[in-house]
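# My questions are about this predicted structure, shown below with the sequence.
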Amino acid sequence: MKKGRNLLWLAFWSCLLFYQCGPAGDEKDPQYLADLAIKAHGSKVFDQSIIEFKFRDRYYKSTRKDGKFIYERFWDSVGTVIHDVLDNRGFSRIVDQTEVILDAKKKEAFSNSLRGVFYFFGLPFQLNDPPVIKEYLGEVMLMEQPYHKLKIRFKPDPADQLIHDDVYVFWIHKKNHTVDYLAYSYTEPNERGLRFRQAINPRKIEGLRVQDYINYKPIRDSSSLKVEDMDMAWAGNQLTEMSRIINENVKIRLNKN
């Protein structure tokens, strides 16, 4: 009887431990998969940091703290220093330390281009933004490595035209949970298109994973090509290199203010 009671107690505590710790999450659950990717890239650092880097002869600075942000861009245009600033309140352009008045169309265009640089630099941290709709697409092998495919769409948001109609697909490594590839479709007033990006030169800086990218586009008419199939198009040599996204002189420090 004593032995039987001991076995019952062992079974009880085993069950209790199982439910307290919880089973491993389902990586086919898009929310759980997004959380894994964000953690693998250094989520604790990203939203509490000051990040500086050079991209295409312009200098960028991101200051984030508890959901508040300031995005800045600096460059010299034939002896004139231009300083763009985007924060929670809106966009402004400062030329030689004097703010200039912009019409709504220019302000939106400059704001979107500045936001876009930081959006791609910060991926996958925006996967839990309120407008995001996640969908699990399945498992694939790419370059002999196993990946989960995660599709991202956005709820309508008139205040953020940059991502309103875009669709993204992320290839998240099954073991490392890193975003090694991504694709997106975009819609602009005079252009529609597809892009595929391969992460290169991954490195950890102060706990944050930083990546550069090779940027590809379809060789031929892409009207029949879906963003979900860009991995197969890339593997089938149907894409051509368009550009390289290289972030230089990256500096990261904790925002203590």
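Received it, and whenever you're ready, just let me know what you need.

# mind checking the SS state of the closest residue to K217 other than its chain neighbours?
Counting by C-beta to C-beta, 6 or more residues apart in numbering, K217 lies nearest to M242, which is 4.6 Å off, once chain neighbours are set aside. (Glycine included, C-beta is placed from N, CA and C.) With DSSP: H, G, I helix; E, B strand; the rest coil as the basis, M242 sits in strand.

# Look up how far K44 lies from M242.
Remark: distance between M242 and K44 (C-beta to C-beta, to the nearest Å) = 34 Å.

# which strands and helices sit next to the helix or strand where V210 lies?
Assigned by DSSP states H and E, V210 belongs to strand 208-218. Strand 208-218 sits against strand 191-205, strand 239-245, with contacts defined as 3 or more C-beta pairs under 8 Å, 6 or more residues apart in numbering; DSSP states H and E.

# Can you give the strand pairings for that strand, parallel or anti for each?
With DSSP bridges as the test, strand 208-218 is paired with strand 191-205 (antiparallel), strand 239-245 (antiparallel).

# Go through those strands and find the least confident stretch.
Among the strands paired with strand 208-218, strand 191-205 has the lowest mean pLDDT, at a mean of 93.

# Extract the CA atoms of that strand and return them as PDB.
Extracted in PDB, the C-alpha atoms of strand 191-205 (Å, rounded to 0.1, in the frame of the first residue of the first chain):
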ATOM      1  CA  GLU A 191       3.800  51.500 -58.500                       C
ATOM      2  CA  ARG A 192       3.100  47.900 -57.200                       C
ATOM      3  CA  GLY A 193       5.900  45.400 -56.600                       C
ATOM      4  CA  LEU A 194       7.400  42.400 -54.900                       C
ATOM      5  CA  ARG A 195      10.700  42.100 -53.000                       C
ATOM      6  CA  PHE A 196      12.600  39.300 -51.400                       C
ATOM      7  CA  ARG A 197      15.400  39.800 -48.800                       C
ATOM      8  CA  GLN A 198      18.100  37.500 -47.700                       C
ATOM      9  CA  ALA A 199      19.700  38.300 -44.300                       C
ATOM     10  CA  ILE A 200      23.500  38.500 -44.400                       C
ATOM     11  CA  ASN A 201      26.200  39.500 -41.900                       C
ATOM     12  CA  PRO A 202      24.100  38.800 -38.700                       C
ATOM     13  CA  ARG A 203      25.800  40.100 -35.600                       C
ATOM     14  CA  LYS A 204      24.900  40.800 -32.000                       C
ATOM     15  CA  ILE A 205      25.500  44.300 -30.700                       C
END
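
# got the buried residues for it?
By 16 or more other C-beta atoms under 10 Å, the buried positions in strand 191-205 come out as L194, R195, F196, R197, Q198, A199.

# related to what we said a few turns ago, arrange the helices and strands packed on strand 208-218 in TSV, one row each, with distance to S224 as further columns.
Listed next are the helices and strands packed on strand 208-218 as TSV, based on distance: least, C-beta to C-beta, whole Å:
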stretch	distance to S224
strand 191-205	11
strand 239-245	14
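
# so R203 makes contact with I252?
No: using C-beta atoms under 8 Å, R203 makes no contact with I252, being 11.0 Å away.

# so what's in contact with those two at the same time?
Counting by C-beta atoms under 8 Å, 6 or more residues apart in numbering, R203 and I252 have no contacts in common.

# what stretches of the stretch 1-150 of the chain score poorly on pLDDT?
Along the stretch 1-150 of the chain, the parts satisfying pLDDT under 70 run over 1-24.

# so where do the helices sit in it?
2-21, 30-40, 43-46, 104-122 (DSSP state H, counting those that start in this stretch).

# In the last one, which residues have enough neighbours to count as buried?
Going back to what we said before, that points to helix 104-122. Applying a neighbour-count criterion of 16+ other C-beta under 10 Å, one finds K107, F110, S111, N112, L114, R115, V117, F118, Y119, F120, F121, G122 buried in helix 104-122.

# Right, I'll leave it there.
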